[in-house]
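Participant: kindly generate the corresponding structure for this input.
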Amino acid sequence: MHHELEVVADPDAVAGTAAAFVARLARACVQAHGRFTFAVSGGHTPWAMFARLAHEHVPWEHVAVFQVDERVAPDGDPDRNLTHLRESLGAAPAEVTAMPVNDADLDAAAAAYGQSLPGRFDLVHLGLGPDGHTASLVPRDPVLEVSDQLVALTAPYMGHQRMTLTYPALARAQQVLWLITGADKREPLSRLVAGDRSIPAGRVEAAASLVLADAAAADQALRAPVPSRRHDHDARPFCRAGPVREIRWL
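Facilitator: Residues are numbered from 1 along each chain as shown. The predicted model follows:
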């Protein structure tokens, strides 16, 4: 999958740039087909992005938010992505469809959540772990090989079993937005943009991919060897193909 990589100074700049992009895309999608479908992962950077979205013009009443992944934990637990998502959205009247991780039958709950997903996502937000994981698709977990379910359960990871969108679900994305910050992401980011499918993140497929990274994550090794073309985001799905990566420094 082709990735466009845009590098900004620091995590705050990543959050601000992402918020502006999401707001433009939301307005364009609502104008085009009346709804904006947005799947969100957990992490500090997306919550900072949502805080910045409060200062953007977003047609929230036409926004449908889904979860990319969630820990199996009680409602309101500080480890739950949903807890932070609701706090970040505040009073915004978006429709939030939460992963049913407290159901008694988690396999049935995962299947039901898969049935609730739209036929396409206008935008899927993803992060990147130091081990190359994204969503809750972690190295060596059997969930990586699930191809007949849109939502599946993982083995315990860092203290929690998780529910996650699988690769077939992520492939419904018209646009993926990666938010990547910190020096510990240098190696996995380099492998991601190089198309290294040996890391879980490298196996994600979607119609278009924009990577927003801070300078700490995107080191000099990513700058030098690739050509640079500059153009402004227009909040439409990218239609470029081929192996060329784009790196832009703001």
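Participant: from here on, contacts and neighbour counts on C-alpha atoms
Facilitator: OK.
Participant: secondary structure element holding residue 26?
Facilitator: helix 11-33 (DSSP states H and E).
Participant: mean pLDDT per element in the chain, and the minimum belongs to which helix or strand?
Facilitator: helix 220-223 (a mean of 48; mean pLDDT, DSSP states H and E).
Participant: ok now stretch 126-145, how far from the chain's centre?
Facilitator: Centroid separation for stretch 126-145 versus its chain: 12 Å, with C-alpha atoms, centre = their mean, to the nearest Å.
Participant: identify the residues contacting that stretch?
Facilitator: Stretch 126-145 has contacts (C-alpha atoms under 8 Å, 6 or more residues apart in numbering) with 40-43, 68-70, 152-155, 162-167, 176-180, 184-185, 187-189, 199-202.
Participant: mean confidence for it?
Facilitator: The average pLDDT within stretch 126-145 is 97.
Participant: name the residues of the helix holding residue 26 that are buried.
Facilitator: Using 16 or more other C-alpha atoms under 10 Å as the test for burial, helix 11-33 gives 11-30.
Participant: what ranges do the helices span in this structure?
Facilitator: Applying DSSP state H to the chain gives helices spanning 11-33, 44-53, 81-89, 106-116, 167-170, 186-193, 220-223.
Participant: looking at these, which is nearest to residue 125?
Facilitator: helix 44-53 (8.2 Å; C-alpha to C-alpha).
Participant: tell me the contacts of residue 14?
Facilitator: Residue 14 neighbours (C-alpha under 8 Å, 6+ apart): 8, 45, 49, 179, 181, 212, 213, 214.
Participant: now render the residues you listed as CSV, adding pLDDT, neighbour count and distance to residue 105.
Facilitator: Formatted as CSV, these follow (pLDDT from 0 to 100; neighbours: other C-alpha atoms under 10 Å; distance: C-alpha to C-alpha, whole Å):
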residue, pLDDT, neighbour count, distance to residue 105
8, 93, 22, 44
45, 87, 19, 32
49, 94, 23, 33
179, 97, 23, 33
181, 96, 29, 36
212, 96, 25, 37
213, 96, 27, 38
214, 95, 26, 40
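Participant: can those residues go into a markdown table with extra columns for distance to residue 36?
Facilitator: Converted to a markdown table, the contacts of residue 14 look like this (distance: C-alpha to C-alpha, whole Å):
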| residue | distance to residue 36 |
| --- | --- |
| 8 | 26 |
| 45 | 21 |
| 49 | 17 |
| 179 | 19 |
| 181 | 26 |
| 212 | 21 |
| 213 | 24 |
| 214 | 27 |
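Participant: now, the residues you listed that are in strands?
Facilitator: 8, 179, 212, 213, 214 (DSSP state E).
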